[in-house]
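Engineer: need a 3D model of the following:
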Amino acid sequence: MMMGENPCALHYRMSTDDQTEVLVVGAGPVGLLTTLLLTQHGVRTRIIDAESRTTAQSYACALHPSSLGLLECVGLLDEVIELGRKVEKLSLYEGKIARAHLRLSDLPGRYPFAVVLEQGVLEDLLEQQLRRTGAKVEWNHRLFGIKTGENGVDADIEKTGSSGQKLGMQRIMIHADFVVGADGHNSTLRGLLNIRSARVGTPQLFGVYEIETTEPVDSVIKVVLSKSANAILWPLAKNRCRWTLQLATFSVASEFPRKERNRLISDRTRMELKGIRELHDFLERCAPWFPVQSIGETNWVAVVQFQRQLLLRFGQGRCWLAGDSAHQTSPLGMQSMNLGLLEGADLANKLKSILRDNVRLEVLQAYNRLHGDQWRHLIGLRVIPGLPDSLLSWASQRFSTILTTQENVRMRRPFPCWARPHSRTIISSVPASGDDLNHLLQQL
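Structural biologist: Residues are numbered from 1 along each chain as shown. So this is what the prediction gives:
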C-alpha cells in the first residue's frame, strides 16, 4: 500500500544507484549519528533531508555522559570537548537558596561530565565526519510517500530547490531494506505510518535565550525551581550562556516550529520581546544570584511550545523512528535529543545484525519495548494492562495517569521534602538518563 501516493511515482524505474540497505530520513544529530554508525558497520546507507543545510539554531545545547561515549565511537569526542563547555556539577535553587548540588563528576562511567555545545555545532561536526567516510547528506530531498513490502520499502522522494521550492517533476524512487525516520517533531515518516501518540499533561511554553554576559559564567548548570515557573541556565563557551525559561501560556502555533537555518537573526517578534521581558522579571524575582545587569547582547531568542508525548510504538515492519520523531518532552534537560542518540545507535546495531548476521526481524520489537518503556517512565505515562493501543492515546490525554517519583526512578529513598513539589521538574532537568539519572538523584 502506498501512503502519500503519487500516481507518477508508480512508473519510476530504479537502477542499482537507487537502491540502498538503509535510508535515513532527517539529517539532525540522531540521523547523522545513525548514518555514521551504520556506515562503520559496512551497511550501505543513504541520508536525505528536506532542508538545504544543517541548523543554525535549535533548542538542544547539551550532551549527556552517555552521548559522549557514542561520539567517541565515531571519532568526534575530542572535538566536542574542545568546542564545548565541560560541566561537572548541577545546582538546584529555590530563590537565593542553593538546595542541592548534583555532582556529575561522581558518575561511575568513563565520562563523568556533560558537555554544553550548541546543536548546530554538533550537526556540523557530524556532517563533516560523514563526508570523511565518503558519504554525504542529500540535501533538498523530501520524503513524499512510501510503499512497504516483505522485502523492503520503496520511498518516493521529491527533490526541491535550495529555497524549498518544488522542481517540477524531479522525483526519484529509492528502494531500501529499511527506512529510519529521524526527521524531528514534524516527522513525515511518522505521518505516513499513522502511529498514534499518547500525551501527558498540558502543553508547556518555553522561552530560549542565548545571551552574552559582561561577567564570566561559571561551569555549573543551574536549575531554578519556582511555584510560578522553572528555568535552567546552561553555560556556553566564553562569556555566553543560555537560559531556558518556562513561560506563562499564551497562544502559539499548533505545529512545532522548524529549526532556524539562517546564521544571522536580527528580527524580534512581539512574542520574543515579551519573552525577553519575562526573563528579566523572572531573574529578578526568582534568581537574584544572577546579575541581570551583566546581560549584554541577545544572540538568539525563541519561544516554543512543548508537549510531553510518546508514540504508542516506535515503528512497524521495516520503518522505524528515533529521536524527536517518536517523542517530546520539555527542553530543560535536553533529554529528547540525547535519548534519541542512544535510540539511533541501538537501531543501527539491530539493523546491522539483521542485514549482516541473519538475525530475525523480531529483534526490532526489543528496540520498541526498551525505549518505549524508558520514555513511559521518564514522562510519567502509566500503561494500563489490557488497554488496547487504540484507547491508550484517548485515555492518556483525558486522564493523564502520572507515575509517582518513586515509580519514575529507582530511588533507594524518597525525595527530601523541599524537592517533592518539584520532582517532575528535577527529573526532566538533570542531563542524564537511565542508571546515570538514578545515580545523580540519589545525591538529593
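
Engineer: so, low pLDDT: which residues of the stretch 251-400 of the chain?
Structural biologist: Judged by pLDDT under 70, the stretch 251-400 of the chain has its weakly predicted residues at 251-272, 275, 382-400.

Engineer: let's see it at 50
Structural biologist: Within the stretch 251-400 of the chain, the ranges that satisfy pLDDT under 50 run 251-256, 261-267, 384-400.

Engineer: run through the helices of it in chain order.
Structural biologist: Here the stretch 251-400 of the chain has its helices, by DSSP state H, counting those that start in this stretch, at 270-286, 335-357, 363-379, 389-399.

Engineer: now stretch 205-219: mean pLDDT?
Structural biologist: The pLDDT scores in stretch 205-219 average 92.

Engineer: list the buried ones in it?
Structural biologist: 205, 206, 207, 208, 209, 210, 211, 213, 217 (16 or more other Cβ atoms under 10 Å). To be clear about C-beta, it is placed using only N, CA and C from the backbone, and glycine gets the same treatment.

Engineer: let me know the secondary structure of the third one.
Structural biologist: So that's residue 207. strand (DSSP: H, G, I helix; E, B strand; the rest coil).

Engineer: surely it meets residue 247?
Structural biologist: Yes. Taking contacts as Cβ atoms under 8 Å, residue 207 lies within contact range of residue 247: 5.1 Å.

Engineer: picking up where we left off before, could you dump the buried residues of stretch 205-219 into JSON lines with distance to residue 434 added?
Structural biologist: Shown next, in JSON lines, are those (distance: Cβ to Cβ, whole Å):
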{"residue": "205", "distance to residue 434": "29"}
{"residue": "206", "distance to residue 434": "24"}
{"residue": "207", "distance to residue 434": "29"}
{"residue": "208", "distance to residue 434": "26"}
{"residue": "209", "distance to residue 434": "30"}
{"residue": "210", "distance to residue 434": "29"}
{"residue": "211", "distance to residue 434": "32"}
{"residue": "213", "distance to residue 434": "33"}
{"residue": "217", "distance to residue 434": "29"}
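
Engineer: out of the residues you listed, the closest to residue 300 would be?
Structural biologist: Comparing the buried residues of stretch 205-219 against residue 300 with Cβ to Cβ places residue 210 closest, at 4.2 Å.

Engineer: gap between residue 71 and residue 439?
Structural biologist: Distance of residue 71 to residue 439, computed by Cβ to Cβ, to the nearest Å: 21 Å.

Engineer: just give me the neighbour total for residue 41.
Structural biologist: 17 (other Cβ atoms under 10 Å).

Engineer: list the contacts of it.
Structural biologist: Applying Cβ atoms under 8 Å, 6 or more residues apart in numbering to residue 41 gives the contacts 348, 349, 352, 356.

Engineer: and the pLDDT at it?
Structural biologist: pLDDT at residue 41 comes out at 96.
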